[in-house]
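[1] Got a predicted structure here, sequence first:
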Amino acid sequence: MKLKKYAFKAGLLAALVLFPLLVRDTSLAHLIRAAGTVGLAVLLALGLNFTLGYVGLFDLGYIAFYAIGAYTAAILSINGWSFWLILPAAAAVAVAIRALVGVSILRLRGDYLAIVTMGFGEITRLTINNLDFLTNGPKGLPRVGEMIKPVQFFGYRLGLDPSNIDFYYLILAFILAAVVLCRRLEDSRLGRAWVAIREDEVAAELMGLPVARLKLLAFTISAAFAAAAGVVFTHWERFVTPESFVFWESILIVAMIVLGGMGSIPGVILGAVILAGTPQLLQASSEFLTPYLGAGFINYRYLIFGLVMVLMVIFRPQGILPSKRREAELAQKEAAAP
């Protein structure tokens with residue numbers, strides 16, 4: 001059984017590595033960029049899984065730290081910093097802000113926490129939109145005459161290939177590192193403590209767990225993931241505006257985790273691939289589908305997402321690929337219900 005599992009993982013990794021090489025010189029080359037966009041969504045979903053999946057904290061302001069990472073990268077890059085120095089610096093800025101916010105709001109639970117984090121996300125976007133001297137407001141960065149430095153890796157400059165293959169591999173490397181880190185933390189004492197808080201916060205506190213500190217740690221780790229994704233996004237696009245970080249993006253990332261399975265690494269990845277990949281596929285196939293479905297069919301994708309999420313919550317609340325612990329937890333709650 002384990003051999004089959006490892007063989008499947010090896011085959012999947014090989015497919016991901018070979019995919020851009022196979023389509024690079026074909027009419028499907030545009031799918032490399034689409035796959036990179038999906039990869040960023042996977043990285044963001046893995047980060048939010050720490051708070052929503054492991055600890056059970058409903059965070060609707062997560063996209064703010066994606067924006068903080070992206071704008072920190074843009075500002076530092078314009079001032080001559082390299083990508084590899086910006087990465088830890090942006091993560092540190094996001095973690096510091098997350099910690100300051102978290103200390104004041106983590107006493108809240110459920111809907112109250114969701115409302116406060118949603119408000120923080122919108123405040124962050126509006127601040128970026130109006131802080132002209134630093135962020136150039138709605139016009140975005142870089143300003144005219146400025147430039148975001150390209151990523152360099154052992155002398156090789158990323159972004160020169162029009163197929164986006166270099167950034168595809170950079171994002172893939174980030175995802176693999178994130179999955180390894182998530183797996184290590186999930187199987188550690190820290191991961192088990194987070195699950196205990198999710199299952200019963202009061203019981204976890206009575207058992208002597210430092211609940212407030214553990215929740216804050218999950219919050220800050222998720223912020224570091226979002227900031228890293230923001231740094232990659234800025235260097236890939238070479239331009240950043242506040243409109244890339246609207247509230248809907250936070251909702252979409254939450255939906256990825258709920259759809260795939262809260263607390264499940266494979267489930268979160270699958271949920272991100274489905275919800276981020278479907279619009280990319282619809283966009284790519286619009287020329288073929290428009291004669292049959294009409295020019296405005298792609299505008300209904302969010303309605304379809306909403307219906308799918310409602311059906312998932314009703315008929316399969318544990319998600320498509322839930323963790324065994326989460327599945328057992330929900331089954332226990334159903335059995336205890338009158």
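    Great, that's in hand.
[2] need the next SSE after the lengthiest helix in the chain, C-terminal direction.
    Ranked by residue count under DSSP state H, the longest helix found in the chain is helix 211-237. Using DSSP states H and E, the next helix or strand after helix 211-237 towards the C-terminus is helix 247-260.
[3] Let me know the angle separating that next one from helix 211-237.
    Relative orientation of helix 247-260 versus helix 211-237 (axes from the mean of the first three to the mean of the last three C-alpha atoms, to 10 degrees): 110 degrees.
[4] Now do the following helix or strand past helix 247-260, average pLDDT.
    Using DSSP H and E, the helix or strand that follows helix 247-260 towards the C-terminus is helix 265-284. On average, the pLDDT along helix 265-284 is 86.
[5] Now do the longest helix of the chain: distance to the chain's middle.
    9 Å (C-alpha atoms, centre = their mean, to the nearest Å).
[6] Now that helix: buried residues?
    211, 214-237 (16 or more other C-beta atoms under 10 Å). All C-beta spots, glycine's among them, are computed from the backbone N, C-alpha and C.
[7] Tell me the helices and strands packed up against that helix.
    Here helix 211-237 touches helix 30-48, helix 63-78, helix 83-105, helix 165-186, helix 189-199, helix 201-206, going by 3 or more C-beta pairs under 8 Å, 6 or more residues apart in numbering; DSSP states H and E.
[8] how about low-confidence regions in the stretch 201-338 of the chain?
    Scanning the stretch 201-338 of the chain with the threshold set as pLDDT under 70 gives 282-302, 326-338.
[9] hang on, the earlier thing: of all the helices and strands packed on helix 211-237, which one comes closest to S250?
    When the helices and strands packed on helix 211-237 are compared by C-beta to C-beta, helix 63-78 sits nearest S250, at 4.2 Å.
[10] angle of the closest one against helix 30-48?
    120 degrees.
[11] follow-up on the earlier one: adding distance to L281, write the helices and strands packed on helix 211-237 out as a markdown table.
    Below are the helices and strands packed on helix 211-237 laid out as a markdown table (distance: least, C-beta to C-beta, whole Å):
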| stretch | distance to L281 |
| --- | --- |
| helix 30-48 | 8 |
| helix 63-78 | 23 |
| helix 83-105 | 30 |
| helix 165-186 | 16 |
| helix 189-199 | 33 |
| helix 201-206 | 40 |
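[12] Okay, the residue most central in space within the chain and P20: tell me how far apart.
    By C-alpha atoms, centre = their mean, the mean C-alpha position of the chain lies nearest to L44, the distance being 1.0 Å. Separation of L44 from P20 (C-beta to C-beta, to the nearest Å): 21 Å.
[13] now F83, nearest residue through space, not along the chain?
    V151 (4.3 Å; C-beta to C-beta, 6 or more residues apart in numbering).
[14] My error: substitute Y169 in the last question.
    Counting by C-beta to C-beta, 6+ apart, the residue nearest Y169 is P20, at 7.5 Å.
[15] Surely that neighbour and I165 touch.
    Yes: counting by C-beta atoms under 8 Å, I165 is a contact partner of P20 at 4.6 Å.
[16] quick one: common contacting residues for the two?
    Common contact partners of P20 and I165 (C-beta atoms under 8 Å, 6 or more residues apart in numbering): I32.
[17] G267 and V258 touch, don't they?
    No: between G267 and V258 there is no contact under C-beta under 8 Å: 9.6 Å.
[18] more crowded one of the two?
    Neighbour totals were compared for G267 and V258, and G267 leads with 26 against 22 (other C-beta atoms under 10 Å).
[19] need the contact list for the residue lying closest to K149 once chain neighbours are set aside.
    Of all residues not flanking K149 in the chain, S77 sits nearest, at 4.8 Å (C-beta to C-beta, 6+ apart). Contacts for S77 (C-beta under 8 Å, 6+ apart) come out as 83, 86, 148-149, 234-235.
[20] got it, and L252?
    L252 sits in contact with 41, 275-276, 305, where contact means C-beta under 8 Å, 6+ apart.
[21] Name the residues contacting each of G267 and V258.
    G319.
[22] For I171, see how far away L281 is.
    18 Å.
[23] So if I had to pick from the two, which one is more boxed in?
    I171 (23 against 13).
[24] Return the most buried member of the helices and strands packed on helix 211-237.
    Ranked by mean neighbour count under mean count of other C-beta atoms under 10 Å, these are led by helix 63-78, which reaches a mean of 26.
[25] Render the CA-only coordinates of it in PDB, please.
    The C-alpha coordinates for helix 63-78 follow below in PDB (Å, rounded to 0.1, in the frame of the first residue of the first chain):
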ATOM      1  CA  ILE A  63      -5.700  38.300   1.600                       C
ATOM      2  CA  ALA A  64      -4.400  41.400   3.500                       C
ATOM      3  CA  PHE A  65      -1.100  39.600   4.200                       C
ATOM      4  CA  TYR A  66      -0.900  38.600   0.500                       C
ATOM      5  CA  ALA A  67      -1.100  42.300  -0.300                       C
ATOM      6  CA  ILE A  68       1.400  43.300   2.500                       C
ATOM      7  CA  GLY A  69       3.900  40.800   1.000                       C
ATOM      8  CA  ALA A  70       3.300  42.000  -2.500                       C
ATOM      9  CA  TYR A  71       3.700  45.700  -1.700                       C
ATOM     10  CA  THR A  72       6.700  45.100   0.600                       C
ATOM     11  CA  ALA A  73       8.300  43.300  -2.300                       C
ATOM     12  CA  ALA A  74       7.500  46.100  -4.800                       C
ATOM     13  CA  ILE A  75       8.800  48.900  -2.500                       C
ATOM     14  CA  LEU A  76      12.000  47.000  -1.600                       C
ATOM     15  CA  SER A  77      12.700  45.800  -5.100                       C
ATOM     16  CA  ILE A  78      12.300  49.400  -6.500                       C
END
